[in-house]
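my questions concern the predicted model and sequence given below.
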Amino acid sequence: MIIIQPQEGENLEKMLRRYKRKFDRLGIAREVRERMHYIPKSVQKREQIKRAAYRQRMQQLAQQG
């Protein structure tokens, strides 16, 4: 559970903004989405390899051009 302590003189909008930032940084929404559907380890590993290859290809293109 995320707890945000109100700071002195802080309005509700600022507190809500701090809460949303903390929520995003912790990756709670991403984790919930990932847990909604089971993905086998082999598929996860394959996706990770594909992402790494894509990143490497983009870096090579950036260095060339």
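Yes, it's here.

any idea which helix or strand comes after the worst-scoring helix or strand of the chain on mean pLDDT?
One helix or strand of the chain scores below all others by mean pLDDT, DSSP states H and E: helix 28-36, with a mean of 89. Counting by DSSP states H and E, the next helix or strand C-terminal to helix 28-36 is helix 41-64.

could you check the angle that following helix makes with helix 28-36?
Relative orientation of helix 41-64 versus helix 28-36 (axes from the mean of the first three to the mean of the last three CA atoms, to 10 degrees): 130 degrees.

packing partners for helix 41-64?
Applying 3 or more CB pairs under 8 Å, 6 or more residues apart in numbering; DSSP states H and E, one finds that helix 41-64 contacts no other helix or strand. No exception for glycine: its C-beta is placed from N, CA and C like everyone else's.

pLDDT below threshold where in the chain?
Along the chain, no part satisfies pLDDT under 70.

one step back: residues of the least confident helix or strand of the chain that come out buried?
By 16 or more other CB atoms under 10 Å, helix 28-36 has no buried positions at all.

mind exporting the C-alpha coordinates of that helix to CSV?
What follows is helix 28-36, C-alpha atoms only, in CSV (Å, rounded to 0.1, in the frame of the first residue of the first chain):
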residue,chain,number,x,y,z
ILE,A,28,2.2,-1.4,-9.6
ALA,A,29,-0.1,-1.0,-12.6
ARG,A,30,2.4,-2.8,-14.9
GLU,A,31,2.8,-5.6,-12.5
VAL,A,32,-1.0,-6.0,-12.1
ARG,A,33,-1.4,-6.1,-15.9
GLU,A,34,1.3,-8.7,-16.2
ARG,A,35,-0.2,-10.9,-13.5
MET,A,36,-3.7,-10.9,-15.2
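
what's that helix in contact with?
2, 23 (CB atoms under 8 Å, 6 or more residues apart in numbering).

same thing with stretch 11-19?
By CB under 8 Å, 6+ apart, stretch 11-19 touches 2, 4, 6.

in helices, which of those residues appear?
Residues of these located in helices (DSSP state H): none.

distance check, residue 58 against residue 65.
Counting by CB to CB, to the nearest Å, the gap from residue 58 to residue 65 is 11 Å.
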